[in-house]
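Chemist: need a structure here:
(one chain, ligands or ions: 2)
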Amino acid sequence: MKIGIITGASSGIGREFARQMEYFYQTLDEIWVIARRKEKLLALSAQIRVPVRIFNGDLTEKEIYTELSNLLETEKPDIRMLVNAAGFGKSGNAEDIRRKEAGCQSRMIDLNCRALTEMTFVCLPYMSAGSRILNIASAAAFCPQPGFAVYAATKAYVLSFSRALGEEVKNRRIYVTAVCPGPVDTEFFETAGRPESFLKEKVMAEAPQVVRKALLDSRARKSLSIYGLPMKGAQIAAKVLPHRLVLKLEQIGRK
Ligand SMILES: NC(=O)C1=CN([C@@H]2O[C@H](COP(=O)(O)OP(=O)(O)OC[C@H]3O[C@@H](n4cnc5c(N)ncnc54)[C@H](OP(=O)(O)O)[C@@H]3O)[C@@H](O)[C@H]2O)C=CC1
Ligand SMILES: CC(=O)[C@H](N)C(=O)O
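Modeler: Ligands and ions are numbered 1, 2, ... in the order given. The predicted structure follows:
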């Protein structure tokens, strides 16, 4: 059985991957989707031609990995594509966030980094030559971000982990792509709060375009997928400019 697995499929970027995946992989037998909101996953499954298997759980708790591991062990599917999209952020000074919402940033590290890593290791034994992993990092991975400090740090982890893992599994012909979009118009900002920088509002992208490019980049075995000129520019700027200067510019851009 050939399958795709998507975390964070109940909304935004993950849901869009679920919608587009069947067109990129025409031979998939099932798509397995993971998130906490079951009703959203059920609604999604009604929109997709390929049978969808729903895993309703919290990726920061261990039960979901036990359920998934047991099923993988029993059914031994060929995972053609894993998309790690579950994640969240919180805008504001890190200390203020901690004061207002104790534990929030630890949960963010848990979901954005630990859960993504665990999912990858749970799935890798069931991946074979030609399989793909897409880890949703962010353009926030390119440089530290005051006002998004913990979030940007989690995404730097995702980017670094994805690129190194990509080298490690290349000899098995498994291809890892770190997807690094700028702001994308999803429910993300309902949790995170609107972006502090007016520039981010100006370059807000739509999930279908970001996901389409990510799937094309994955097909082309690219290790990095960056949607849109502004974010490509941001990546180059973060590479060539001293981070001290980029940090100053970011502070000026904050509202
Ligand atoms: N929107 C943006 O501007 C950008 C987003 N990204 C990244 O893209 C990814 C997807 O974000 P996006 O689609 O925009 O945001 P959304 O808020 O729309 O989607 C987040 C998804 O993660 C799931 N999720 C959240 N917490 C948990 C949890 N504890 N366990 C399981 N699933 C969970 C949510 O499902 P549920 O609530 O049902 O559990 C939802 O499906 C994130 O990693 C984000 O950091 C990267 C760059 C830009
Ligand atoms: C939410 C994101 O990851 C985005 N790249 C941003 O920095 O706003």
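Chemist: Ligand 1 versus residue 249, what's the distance?
Modeler: Counting by C-beta to the nearest ligand atom, to the nearest Å, the separation of residue 249 from ligand 1 is 19 Å. Backbone N, C-alpha and C define where each C-beta goes, glycine included.
Chemist: Correction: the previous question concerned residue 238.
Modeler: When distances are taken as C-beta to the nearest ligand atom, residue 238 and ligand 1 turn out to be 15 Å apart.
Chemist: Check that residue and give its pLDDT.
Modeler: The predicted local confidence for residue 238 comes out at a pLDDT of 95.
Chemist: give me the element it is part of.
Modeler: Using DSSP states H and E, residue 238 falls within helix 229-240.
Chemist: Briefly note if that helix comes near ligand 2.
Modeler: No: for helix 229-240, no contact with ligand 2 is found by C-beta under 6 Å from any ligand atom; the gap never falls below 7.7 Å.
Chemist: angle of the helix or strand just after that helix against helix 229-240?
Modeler: Beyond helix 229-240 on the C-terminal side, the first helix or strand identified by DSSP H and E is helix 243-253. Angle between the axes of helix 243-253 and helix 229-240 is 140 degrees (criterion: axes from the mean of the first three to the mean of the last three C-alpha atoms, to 10 degrees).
Chemist: Grab the CA positions of helix 243-253 and hand them over as CSV.
Modeler: Coordinates of each C-alpha in helix 243-253 appear next as CSV, following Å, rounded to 0.1, in the frame of the first residue of the first chain:
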residue,chain,number,x,y,z
HIS,A,243,23.1,39.4,11.3
ARG,A,244,23.7,42.4,13.6
LEU,A,245,22.5,44.7,10.7
VAL,A,246,19.6,42.4,9.8
LEU,A,247,18.5,42.4,13.4
LYS,A,248,18.6,46.3,13.4
LEU,A,249,16.5,46.4,10.2
GLU,A,250,14.0,44.0,11.7
GLN,A,251,13.6,46.1,14.8
ILE,A,252,13.0,49.2,12.6
GLY,A,253,10.3,47.2,10.7
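Chemist: Residue 67: neighbouring residues, count only.
Modeler: Close neighbours of residue 67, defined as other C-beta atoms under 10 Å, add up to 14.
Chemist: got a list of what the residue nearest the centre of the chain touches?
Modeler: Taking C-alpha atoms, centre = their mean as the criterion, residue 136 is the residue nearest the geometric centre of the chain, at 2.3 Å. Shown here is residue 136, whose contacts under the criterion C-beta atoms under 8 Å, 6 or more residues apart in numbering are 8, 13, 14, 83, 84, 85, 87, 158, 179, 181.
Chemist: Also residue 2?
Modeler: By C-beta under 8 Å, 6+ apart, the residues touching residue 2 are 25, 27, 28, 29, 77, 78, 80.
Chemist: Quick check: the closest residue in space to the fourth one that isn't next to it in sequence vs residue 76, distance?
Modeler: Beyond its immediate neighbours in the sequence, the residue positioned closest to residue 29 (C-beta to C-beta, 6 or more residues apart in numbering) is residue 1, lying 4.6 Å away. If you measure residue 1 against residue 76 using C-beta to C-beta, to the nearest Å, the figure is 8 Å.
Chemist: rewinding a little: for the residue nearest to residue 29, which residues are in contact?
Modeler: When contacts are counted by C-beta under 8 Å, 6+ apart, residue 1 touches 29, 30, 75, 77, 78.
Chemist: Perfect, that will be all.
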